[in-house]
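Everything below, folded, please.
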Amino acid sequence: QVQLVESGGGLVQAGGSLRLSCAASGRATSRHAMGWFRQAPGKEREFVAAITGSGSSTEYSDSTKGRFTISRDNAKNTLYLQMNSLKSEDTAIYYCAQYYSILPRGELSSWGQGTQVTVSS
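A predicted model of the protein is given here:
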């Protein structure tokens, strides 16, 4: 079982930037795709971005494409989410998660505890 710990959340003004990190320990993370998800108050958890085990391919939701960048450093077992041009609607708790597969498909095997991102307008 892998343990995931997010960090880097906080309060930022609209138009600003934040970089989230997710440190993984336990199972070899390079064999598994990973992703970022978020949940705003009163809303369901939604997909933000994902990256393959090797880091060679990424996917984004329509709302984050062009503003957010997902990356990973397998040597450090760390996943990142660079968030630029933040909007008030990006306010949410952000979670990192690991897929069972090396591709970002199918079920998720582990979740972090989440980190709060608040964007003030």
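
How far away from the center of its chain is stretch 109-118?
With C-alpha atoms, centre = their mean, to the nearest Å as the basis, stretch 109-118 stands 8 Å off its chain's centre.

immediately after the helix or strand of the chain with the lowest mean pLDDT, which helix or strand?
Within the chain, no helix or strand scores below strand 108-111, which has a mean of 93 by mean pLDDT, DSSP states H and E. Toward the C-terminus, strand 108-111 is succeeded by strand 115-120 as the next helix or strand (DSSP states H and E).

what's that next one packed up against?
With contacts taken as 3 or more C-beta pairs under 8 Å, 6 or more residues apart in numbering; DSSP states H and E, strand 115-120 sits against strand 10-13, strand 18-25, strand 92-99. For glycine as for every other residue, the C-beta is placed from the backbone atoms N, C-alpha and C.

repeat that for 7 Å
strand 10-13, strand 92-99 (3 or more C-beta pairs under 7 Å, 6 or more residues apart in numbering; DSSP states H and E).

Count the neighbours of the closest residue to Phe68 other than its chain neighbours for me.
Counting by C-beta to C-beta, 6 or more residues apart in numbering, Met83 is the residue found nearest to Phe68 once chain neighbours are left out, at 5.1 Å. Taking other C-beta atoms under 10 Å as the criterion, the count of residues near Met83 is 27.

Thank you kindly, that will do.
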